[in-house]
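**Q** following is a predicted model, sequence given first.
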Amino acid sequence: MRKLIIGNWKMNGLSSDLDEIGKIAEGIAEFSDRVEVMLCPPMTLLERAAARCRGSDLKFCGQNCHFDPRGSHTGEVSAEMLADAGASAVLVGHSERRIDSSEDHDMVRLKAEAARRANIIPIICIGESEHERESGYPVETVMYSLRVSVPDGSPSHVVVGYEPAWAIGTGRTPMEDDIATMHAHIRRGLIDRFGESGRLVRVLYGGSLNLKNADGILAIPDVDGGLVGGASLKAESFLAVIAAAANVASLQSARSVV
Ligand SMILES: O=C[C@H](O)COP(=O)(O)O
């Protein structure tokens, strides 16, 4: 399976950064056989970025959507609008939205269902806070989020992003063994719920992923790719993470042949 690397620009990016997005689109061509790449620019750049990169392998992703298709929701954007602007996917339940906008698991599930309704892929983000990790029950916390946030029905075209909130933007990451344990639990939870189809759900790791740690983290079993924040803002650092993902994908496919 190709690795999936998603860059999340969060509330960063002006029209002067469209050239940087163009560089990313050009730079990923050599890795496209091993890595699928998506970028989540701010809403104000989405349509222009998608138009500019049309014909490249770079796909675009919204950072959030409302669960209704239209209506009286000032300041919101629907999944249908994201699709119309050129998005193939949307992040739902990112911990920054859960904190800033009090989104709970039920709302995240409704948003994931809205993405499916609009034929775009929901990237469903789950992860424990520092307090939840220190309380000693991070696995239980994450498994509960997974159960409630992921909608029923076929899990095909659903992506899960495991992002420990305390690792986001801090330069701190869990130990590789802890990431392996969490991803194994998530995989088991998906298989228990969806049977063999649960094996096909891509599970990404996010939280201070960068060039220095990408080789190790992306090689962990059941880590199917990564969600990259800060390191995705410049083409050079984002392409370095993508190159690392391509190397890991090559090694894993060589091993699976032997
Ligand atoms: O969506 C991306 C994540 O929040 C990770 O952000 P970060 O790489 O800056 O820690």
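**A** Structure received.

**Q** mind checking how far C53 is from G22?
**A** For C53, the distance to G22 (Cβ to Cβ, to the nearest Å) stands at 7 Å. Every C-beta, even on glycine, is put in place using the N, C-alpha and C of the backbone.

**Q** out of those two, which sits in the more crowded spot?
**A** C53 (21 against 16; other Cβ atoms under 10 Å).

**Q** in the stretch 101-250 of the chain, what residue is nearest the ligand?
**A** Nearest residue of the stretch 101-250 of the chain to the ligand: G229, at 2.3 Å (Cβ to the nearest ligand atom).

**Q** that residue: neighbour count?
**A** Around G229 there are 23 residues (other Cβ under 10 Å).

**Q** what does E128 give?
**A** When neighbours are counted by other Cβ under 10 Å, E128 comes out with 25.

**Q** that one - that's part of a strand, no?
**A** No: using DSSP: H, G, I helix; E, B strand; the rest coil, the assignment for E128 is coil, not a strand.

**Q** how about the residue in the stretch 1-150 of the chain that the ligand sits nearest to, nearest residue that isn't a chain neighbour?
**A** Residue of the stretch 1-150 of the chain nearest the ligand, by Cβ to the nearest ligand atom: N8 (3.4 Å). The spatially closest residue to N8, leaving aside those adjacent along the chain, is C40, at 4.6 Å (Cβ to Cβ, 6 or more residues apart in numbering).

**Q** using PDB, write out the CA atom coordinates for the helix or strand hosting D106.
**A** Per DSSP states H and E, D106 falls inside helix 105-117. C-alpha atoms of helix 105-117 as PDB (Å, rounded to 0.1, in the frame of the first residue of the first chain):
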ATOM      1  CA  HIS A 105     -17.100  12.700  19.100                       C
ATOM      2  CA  ASP A 106     -20.700  12.800  18.000                       C
ATOM      3  CA  MET A 107     -20.200  16.000  16.000                       C
ATOM      4  CA  VAL A 108     -17.000  14.600  14.500                       C
ATOM      5  CA  ARG A 109     -19.000  11.500  13.400                       C
ATOM      6  CA  LEU A 110     -21.700  13.700  11.800                       C
ATOM      7  CA  LYS A 111     -18.900  15.600   9.900                       C
ATOM      8  CA  ALA A 112     -17.400  12.300   8.700                       C
ATOM      9  CA  GLU A 113     -20.800  11.200   7.400                       C
ATOM     10  CA  ALA A 114     -21.200  14.600   5.700                       C
ATOM     11  CA  ALA A 115     -17.800  14.000   3.900                       C
ATOM     12  CA  ARG A 116     -19.000  10.700   2.600                       C
ATOM     13  CA  ARG A 117     -22.300  12.300   1.500                       C
END
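
**Q** could you say what helices and strands it packs with?
**A** Judged by 3 or more Cβ pairs under 8 Å, 6 or more residues apart in numbering; DSSP states H and E, helix 105-117 is in contact with helix 79-85, strand 89-92, strand 121-126, helix 138-149.

**Q** tell me how far the third one lies from the chain's centre.
**A** Read that as strand 121-126. Distance, stretch centre to chain centre, for strand 121-126: 6 Å (Cα atoms, centre = their mean, to the nearest Å).
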